[in-house]
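**Student:** Predicted structure and sequence below. I'll ask about it afterward.
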Amino acid sequence: MSSSAASFGHLLRRFRQNRTGASAVEFALIAPIFLVLLFAIIETALMFFASQVLETSTQDAARMILTGQAQTANYQQADFKTYVCNQIPALFSCANLVVNVQSSSSVSSISFTPFDANCNQTVQYSPGGPGDTVLIQVSYKWPLFVTGLGYNIANCPNSQRNLVASVAFQNEPYSN
């Protein structure tokens with residue numbers, strides 16, 4: 001009986017001293033956390049990039065209303081949305097893009113249109129006339145993939161982040 005206890009003790013000492021697989025085991029423990037963190041960083045950076053692209057495209061499209069080109073060409077809501085979609089590269093799907101344009105003769109009566117619990121908003125298209133104040137809101141529900149393990153930047157249902165770009169300005173005194 002003592003020889004089996006001695007051989008078990010010898011086997012246990014050999015197992016403790018053997019370090020050939022330690023790196024593989026340590027990597028197997030750390031790799032999932034590292035990969036989730038890496039993908040979360042990439043997804044956040046891509047979302048911020050998309051938000052900046054949406055902001056720039058909204059400012060470019062707003063120039064059509066600012067200068068009166070959309071009004072003199074009799075743009076309707078679908079026409080202006082198509083124009084905004086043409087400004088945005090392949091990063092977005094135009095079907096999921098929401099364009100809201102409201103105008104008023106005074107700044108105090110323009111307000112940011114709120115979103116409901118599902119990140120939808122009432123959409124209108126009123127580009128106004130010369131000298132009117134205009135607010136353009138373009139929103140897009142950006143899909144998120146890395147939402148587990150306590151990292152969830154979604155502010156809409158179904159793991160989506162509502163990206164919103166807004167531009168407020170006063171129309172130039174163009175001629176009708």
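**Tutor:** Structure's in. What do you need? Numbers count the residues shown, from 1 in each chain.
**Student:** can you give me the helices in the chain?
**Tutor:** With DSSP state H as the criterion, the chain has helices at 2-17, 22-66, 69-72, 77-87.
**Student:** and the angle from the longest one to helix 77-87?
**Tutor:** Read that as helix 22-66. 130 degrees (axes from the mean of the first three to the mean of the last three Cα atoms, to 10 degrees).
**Student:** Helix 22-66: how far from the chain's middle?
**Tutor:** 9 Å (Cα atoms, centre = their mean, to the nearest Å).
**Student:** Does it pack against any helices or strands, and if so which?
**Tutor:** Here helix 22-66 touches helix 69-72, helix 77-87, strand 133-143, strand 160-170, going by 3 or more Cβ pairs under 8 Å, 6 or more residues apart in numbering; DSSP states H and E. For the C-beta atoms, the positions are set from N, CA and C on the backbone; glycine is no exception.
**Student:** Report the inter-axis angle for it versus strand 133-143.
**Tutor:** Using the same axes, to 10 degrees, helix 22-66 lies at 150 degrees relative to strand 133-143.
**Student:** hang on, the earlier thing: taking the helices and strands packed on helix 22-66 together, which one is wrapped up most tightly?
**Tutor:** Of these, the one with the most neighbours on average (mean count of other Cβ atoms under 10 Å) is strand 133-143, at a mean of 22.
**Student:** mind checking which of the helices of the chain is nearest A154?
**Tutor:** helix 22-66 (10.3 Å; Cβ to Cβ).
**Student:** what's the model's confidence in that closest one, averaged?
**Tutor:** Taken as a whole, helix 22-66 has a mean pLDDT of 90.
**Student:** Same question for stretch 94-105.
**Tutor:** On average, stretch 94-105 scores 92.
**Student:** And it, what's buried?
**Tutor:** L97, V98, V99, N100, V101, Q102, S103 (16 or more other Cβ atoms under 10 Å).
**Student:** Can I get it in CSV, CA atoms only?
**Tutor:** Extracted C-alpha coordinates of stretch 94-105, given in CSV (Å, rounded to 0.1, in the frame of the first residue of the first chain):
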residue,chain,number,x,y,z
CYS,A,94,-31.9,53.4,-47.4
ALA,A,95,-35.0,51.4,-46.4
ASN,A,96,-34.1,52.0,-42.7
LEU,A,97,-33.3,55.7,-43.0
VAL,A,98,-35.8,58.1,-41.6
VAL,A,99,-35.8,61.7,-42.7
ASN,A,100,-37.8,64.3,-40.9
VAL,A,101,-37.9,68.0,-42.1
GLN,A,102,-39.9,70.7,-40.3
SER,A,103,-39.9,74.4,-40.7
SER,A,104,-41.4,77.5,-39.1
SER,A,105,-41.1,81.3,-39.5
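**Student:** Right, I'll call it a day here.
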